[in-house]
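Undergrad: Got a sequence here, can you model it:
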Amino acid sequence: MNAKNFFWFIVLNTALWGLVSLVYFFTGGFYWDAPGFFFGLSSVPGHLLLFALGLSVLVLPFRLVGPKTGAAAAVAFGGFFTLFFAADAFVFTQYRFHIGVAMLELFFGPAGREIFVFPTITYVMLALAVAGVFALTYGLLWAARKITLGKKAVWAVCLLWLGAFLTYHSLHAWGKFMLVPSVLAQVSYMPWANPLSANRKLRKMGFEPKSEPYSEPKKGTLNYPLHPMQCASTPKTNILVILIDAWRADSFTKEVMPHTWAAYKNAQAWYFTNHLSGGNATEAGVFSLFYSMPYLYWDSFTGQTRQPILMEELQAKGYQMGIFASSKLNSPAFNKNIFSQVENLRIESKGTTKVERDRDMQKDFLHFLKNRDKNAPFFGFLFYDAAHGQEFPQGGDKFKPVGEEMNYLVLTKNTDPTPYMNRYKNAVYFIDGLLGQVFETLKAQGLSDNTLVILTGDHGQEINDTRHNFWGHNSNFAQWQTQVPLLMWWPGHTGGEKAYRTAHYDIVPFLLTHILGCTNPPGDYSTGTDLLDETPRPYTVISSYTKKAIQTGDNLSVIDNYGYLEHYDKNYQKLPTGADPKAITQAFKEFAKFYK
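TA: Got it, this is the predicted structure:
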C-alpha cells in the first residue's frame, strides 16, 4: 500500500463516516437557512478531518514496517473508527449525547450486567455487524488501490477539505458571536465537536454581538411539552422569584443574613435545607430552575428562542412581568430563551460595580411595584450579583479580617480562606440589607398576603473548602458549588425546615401545580417533581459548561464532553464507584426526553 493508495483509503473511509453522520442530522434536524445549511454542510468534512488525521497517525508507524503490515493496520483501525461512528450514531438517536469512556465503563464494568441485558440473538447480530464492518473496510482498501487519479486530484481534495475545515470553524465563531440559532443548534451534532469560538477577541476588537437572532430555524426537533397544558385560568397569587448569584448554602444564618432570617422565622416560611441547583454555573443553574430540565437542552431552546412553559402560562394568564437583573440578561443569553418573549425586557442595570448595579436593579423593581396595574397579578424576578464578586459597600466590612479581591494567580491550596470567606459574607450581608427592603415594601403595600416569594441561588461558591485550590464555581461538583439555600414564603401556609432532597427541577412543577392550577403531571414538561413531594429523588443531574454530574445520595459520577467518567463524594474526594449505575442509565434517558 503506497502513499497514494493510503490517501484514497482515508478519503473513502471519511466519506463512509460522513454518510453515517447523516444520522445525527436526521435525529437533530436539518436547517435550510443559509448560515445553518452551510454550517451543517461544512461541519461533516470539517470535523471529520480530525478523525482522518487521527487514523493516519495511528496507521503510519505500521506502514513503516512494511506494506502488508500497513494494510492490515489500516483495515483494523479504519474498521474500528467506522464501528465507533455507527455505535455513536445509535447512542445519539437514543440519548442525544455521544459515546465515551463513561458508557464504556458502564457497559464493561461490574454494573454492566445489571444495566445492559440483551438476548443471545443481539450478540449474534452484533458479531455479524462487526464482521461486516471490517469486510467493508477491506473493500475500501481494495477500491483505494484501483483509483488512478493523479496528484492534481489529491491536491484538489486536500484544498476542498481544508476549505471545509476553515468554513466550519469560521461559521461557528461568527454564529456564536451573532447568536445565529441554526448554527448554535447544530454544534452538538458531531461527536466530540469543539469548534472555534472568538467572542472575547471580537469584543476586544470593538465588535458587539447582534441583539436579535439572525433567523428563526426550523422548529420541530423539540417535543415540549409532551402533552398540551391544562391549567386554571384565574390565578390570583403574585409570584416573586429572587436569585442570589453564587449563594452558598451555609451563608444563610442569623449572623450573615439577619433580615432574611427574621422574615423566615416570623412568617414560618419553608426552608429546604438539602437543596441542589441544576448547575455549578449561572447558565446551568438558572436554566434548570426555569425550564426544570438539564442544561443539556440549552442550545436547542436558545436556538429556537423558545421560552419555558412557566413563562408561557404566566403570560397567557395576564401576569405583569417585572424582570430585573443586576448583570446583563444577554450575557448569558437569557434574553434568547427564558425571557425571549418578554416585551421591553430590561437588559442591564446602571453602575460600574456590582453593588451599584444591585441597588439600581432594586430601585427599578420597587418602582415597578408602585406603578404596576393593581388589578392584575405580577411575576417578579430579582437577580443579585454582589456575592458573585464578593463586593460590598465601603464601610460594610462587618466580618473581619477581609481579604483583597481574589487574585487567582497567587492563590494556592494552602492559602487561608478565612479573609476571603469574610469578604464573601460581607457581600451576602449587603444583599440581605436589600432583601430587608423588599420584604418591608411587600408588607407596606399589602402584598405579603398574596405574593409567593421564592429565594434561592443559581449555584454555590467554593472558597478553598476542599483544600484543592478551588476558588469560585464551575470547577467541580462539590457541595459548596452545587448546594444552595431555598426559602419559600407561601401565603396561608406554614412550612419550617424540610430536610429531604430537593432540586431546582422541582420548583416549576410546584408553581404550575399549586399556583397556576395546572393538572399535567410534571413529567409532561419537567425532569423534576413537585417541590412538596417528599418521595426520594432517584438522582439529580448537575451541569457545568463542559461537564455533567449525576448525584445519588452523596455520591457523584462526573462525565465530561469526551465521555471520561470519574466518581466523587459530596466533598469531591475521589471514590472507586459513584452514583448508582441504574440511576445513571435513567438520567441518560432524560437527555432525550423532550426531543421527537
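Undergrad: Could you use CA atoms for every contact and neighbour count after this?
TA: OK.
Undergrad: how's this structure carved up into domains?
TA: As assigned by automatic domain parsing, the chain contains the domains 3-204, 238-521.
Undergrad: how long is the longest one end to end?
TA: Between the opening and closing residues of domain 238-521 we find a distance of 23 Å, counting by C-alpha to C-alpha, to the nearest Å.
Undergrad: and if you look at the shortest one?
TA: End-to-end distance of domain 3-204 (C-alpha to C-alpha): 45 Å.
Undergrad: Which residues are in contact with residue 141?
TA: 5-6, 9, 71, 75 (C-alpha atoms under 8 Å, 6 or more residues apart in numbering).
Undergrad: what about it, distance to residue 5?
TA: 8 Å.
Undergrad: which one is the most centrally placed residue in the chain nearest to, not counting chain neighbours?
TA: A centroid search over the chain (C-alpha atoms, centre = their mean) returns residue 295, at 2.7 Å, as the residue closest to the centre. Spatial nearest neighbour of residue 295, chain neighbours left out: residue 284 (5.0 Å); criterion: C-alpha to C-alpha, 6 or more residues apart in numbering.
Undergrad: and that neighbour, which of the three is it?
TA: Under the three-state scheme (DSSP: H, G, I helix; E, B strand; the rest coil), residue 284 adopts helix.
Undergrad: any idea how far it is from residue 477?
TA: Relative to residue 477, residue 284 is positioned 13 Å away (C-alpha to C-alpha).
Undergrad: Please apply the same query to residue 266.
TA: Applying C-alpha to C-alpha to residue 266 and residue 477 gives a distance of 34 Å.
Undergrad: what does residue 4 give?
TA: 50 Å.
Undergrad: if you count what's nearby, which of those two comes out ahead?
TA: residue 477 (30 against 17; other C-alpha atoms under 10 Å).
Undergrad: Now for residue 251, how many residues are close by?
TA: 17.
Undergrad: next one: residue 55
TA: 20.
Undergrad: do residue 590 as well
TA: 18.
Undergrad: Pass me the low-pLDDT residue ranges in the stretch 301-450 of the chain, would you?
TA: 407-409 (pLDDT under 70).
Undergrad: Strands of that one, start to end?
TA: With DSSP state E, counting those that start in this stretch as the criterion, the stretch 301-450 of the chain has strands at 320-325, 378-384.
Undergrad: Who are the packing partners of the last one?
TA: Which is strand 378-384. Counting by 3 or more C-alpha pairs under 8 Å, 6 or more residues apart in numbering; DSSP states H and E, the packing neighbours recorded for strand 378-384 are strand 238-244, strand 320-325, helix 354-371.
Undergrad: tell me the angle of it relative to strand 320-325?
TA: 0 degrees (axes from the mean of the first three to the mean of the last three C-alpha atoms, to 10 degrees).
Undergrad: Now do strand 378-384: everything it contacts.
TA: Residues contacting strand 378-384 (C-alpha under 8 Å, 6+ apart): 238-245, 314, 319-327, 358, 361-362, 365, 431.
Undergrad: Check the first one too.
TA: Under the criterion C-alpha under 8 Å, 6+ apart, residues 342, 345-349, 358, 361-362, 364-365, 368, 372-373, 376-384 lie in contact with strand 320-325.
Undergrad: I'm done for today, thanks for sticking with me.
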